[in-house]
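# Need the 3D shape of this:
(one chain, ligands or ions: 4)
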Amino acid sequence: MARNDLRSIGRAPVATLADIIAVRCARRTLLRGAAGAALIAGVGGPATLLGAARAGAGAAQPAFAEIAHGVDETHHVAPGYRADVLIRWGDPVLPGAPAFDPRWQSAANQARQFGYNNDFIGFVPLPSGGAAPEHGLLCVNHEYTIPAMMFPGLGLPPESDPLAGLTKEMVEIEMAAHGASIIEVARTGGHWSVVPDSARNRRITALDTEMALSGPAAGHARLRTDADASGTRVIGMIGNCAGGITPWGTYLSAEENFDDYFLGAAEGHAEEENFKCLGLPGGEYAWGRLHSRFDITKVPNEPNRFGWIVEIDPLDPAATPVKRSALGRFKHEGAAAVVNGDGRVVLYSGDDERFQHVYRFVTEGRHDAVDRAANRDLLDRGTLAVARFDADGTLSWLPLVFGTGPLTPDNGFHSQADVVIETRRAAALLGATPMDRREDVEANPVSGTVNLILTNNTARKPEQVDAANPRAGNTFGHIIELRPAGGDHALATFRWEILVRCGDPAAPEVGAAWSADTTEDGWFASPDHCAIDHGGGLWIATDQGDKWPKSGTADGVWRLETEGPRRGTGRMFFRAPVGAEVCGPCFAPDDRALFASVQHPAVDGAEKYPGFERASSFDDPATRWPDFAPDLPPRPAVVMITKDDGGPIGS
Ligand code: FEO
Ligand code: CA
Ligand code: CA
Ligand code: CA
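Ligands and ions are numbered 1, 2, ... in the order given. Got it, this is the predicted structure:
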């Protein structure tokens, strides 16, 4: 979400010579030669040599022609493809839900319609497990709401009171627009569409969906409230950004910027250190004025009930979602599960805030491929660990286990519950590596690597640079590959290397004015979410934040080369309308459709959009994508991209 960047406080520092050499040289040019590899090793860590050694291995290149870079009111996709809106904010989800009418919206209607700012998309085939099904369930997160874009007449909030004008009904519409949608989709004639009024469809909201909380923190005093003396029942989920689908077909949804939703004061609070470590209370929403549980002064433990990975069974619309506390509590983004060779399930996750960490969870039990129900509580027991990246290319997984190392009563940890509730503090005590905003994570079953996306960190100072975060004032982000030896994802140490330092290789100076003429340049900025096709191809969605895009082009989807001489180069495949980021890319099981979320159209950087040049609102938006109807606002939407000849995406 762009909101992270609103907090950006660092001025871009002047690039060092090493930075310039590193950015200018780090990719295709020098990867062709050993001399270049040696130079890169000097600035990026020896692991980069592995990339040089593989150069020339060759890999199938995507067959599509890159689309022109730029910014305009609509979306674009590579020639030979089409992009159709599958579902938009306000479209009916539950049977009998009313049609969208933003001028007569209500919380009750919104709770039955598709929510706002769709993000992660997961596909679960029907019947479960099919390889080329004609039916499936799309699991879609609704990350956050933007009142100025949702409510007619509200306008932009005054600086003196950013929460002004929000009524109880508006707040509850916002709460109902958060959470998730599960929608049945079917394919006819090569195109997927939503099955109307399906009994499988479900809305999960922040307003009234009851969830369980399991694992080491369940029932702990720090999770109990007057409304829930058990400390195991939570209403709703918030800030759900990326996620994942487990090998047993459940949907993992990651609570990210949950701090934004709370009001009150942390100073003097019993949980002051814990809350400040997470930015609580963020004060971005009016919810706490009208629902006391979002005021930390009135309900002190409520924030401890958010910031988890939520597991949802999409095959059972009545199933209670479960917050799995064993996976830790932080600003979760991404949840990539793989079945290890020994049957244990390994889940990669991470914390999207500057200088926060990368995590791994290894289950105690083993995956049961025959009896789905046997996997139901696999994520409740296992070992959570955090990553330390060393300059010699070693990645060490440091166990976050109560009683080991510094995780003892001397440091305020009295049980594993304390460790998972304060995962950030525990990770820092262990010496984990602070990263440049780790966003999505995906394991690549074809290459055996795990891709970590780091979107940017403009606050990193030259003296804070390390091998895994090699650029000060990292405006454009980078991507790291993890390499578990022999494909054993449970090993205590891995190897790692940088796949790409994002940004224009021809103009690497940090903070430079970028050329608008970037077509065919093969570069992109601020990678955010990713997806891997069934041939192992890596596809990147970008989010350049809330300002005018520094790359000179709107956010979009790129296909990234990961092998051969073009390793690290991208090709733009899809471009979003002005103000939107793209997130949640997800392939259909046969790769013949790519679903992607277009989030917050008309919002980011609208003030600099030529001919518009002011901030967007419901009544006066920079674009009315996707409907372009004069009485409708812009609407976040899931698009479905297909190839005109019906073939796999990228073929
Ligand atoms: Fe929701 Fe990390 O972006
Ligand atoms: Ca995002
Ligand atoms: Ca982002
Ligand atoms: Ca992903």
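
# Need the pLDDT of the residue nearest to Pro216 when sequence neighbours are not counted.
Leaving out its chain neighbours, the residue that sits closest to Pro216 by Cβ to Cβ, 6 or more residues apart in numbering is Gln416, at 4.0 Å. For every residue, glycine as well, the C-beta is placed using N, CA and C. Per-residue pLDDT puts Gln416 at 98.

# ok, stretch 265-285 near ligand 1 or not?
No - Stretch 265-285 lies apart from ligand 1 when judged by Cβ under 6 Å from any ligand atom; the minimum separation is 13.2 Å.

# Quick one: residues in contact with that stretch.
3, 145, 162-163, 171, 174, 222, 257-264, 288, 294, 296-297, 300-301, 303-304, 307, 330-331, 353, 421-422, 424-425 (Cβ atoms under 8 Å, 6 or more residues apart in numbering).

# And stretch 242-249, by the same measure?
Contacts for stretch 242-249 (Cβ under 8 Å, 6+ apart): 119-120, 122-124, 128-129, 139, 141, 251-254, 256, 311, 314-315, 333-339, 345, 347, 367-369, 372, 375, 378-379, 439-440, 529, 583-584.

# if we look at ligand 2, which of these are close to it?
With Cβ under 5 Å from the ion as the criterion, these include Cys583 near ligand 2.

# Give me the subset of the contacts of stretch 242-249 lying in strands.
Per DSSP state E, strands hold the following members of the contacts of stretch 242-249: 119-120, 122-124, 139, 141, 251-254, 311, 333-339, 345, 347, 439-440, 529, 583-584.

# Near ligand 3, which residues of this structure are found?
Going by Cβ under 5 Å from the ion, the residues of the chain near ligand 3 are Thr455, Asp528, Asp543.

# Number of residues surrounding the first one?
Here the number of neighbours of Thr455 (other Cβ atoms under 10 Å) works out to 29.

# ok, it - contacts?
Contacts of Thr455 (Cβ under 8 Å, 6+ apart): Asp352, Asp436, Arg437, Glu439, Gly477, Ser526, Pro527, Asp528, Asp543.

# how about a cut-off of 7 Å?
Counting by Cβ atoms under 7 Å, 6 or more residues apart in numbering, Thr455 touches Arg437, Glu439, Gly477, Ser526, Pro527, Asp528, Asp543.

# could you dump these to JSON lines with secondary structure?
Converted to JSON lines, the contacts of Thr455 look like this (DSSP: H, G, I helix; E, B strand; the rest coil):
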{"residue": "Arg437", "secondary structure": "coil"}
{"residue": "Glu439", "secondary structure": "strand"}
{"residue": "Gly477", "secondary structure": "coil"}
{"residue": "Ser526", "secondary structure": "coil"}
{"residue": "Pro527", "secondary structure": "strand"}
{"residue": "Asp528", "secondary structure": "strand"}
{"residue": "Asp543", "secondary structure": "coil"}
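
# Could you identify which of the residues you listed has the most neighbours?
Asp528 (31 neighbours).

# Pairing partners for the residue nearest to Arg200 when sequence neighbours are not counted in the sheet, please.
Of all residues not flanking Arg200 in the chain, Glu184 sits nearest, at 4.6 Å (Cβ to Cβ, 6+ apart). Glu184 has these beta-bridge partners by DSSP bridges: Leu137.
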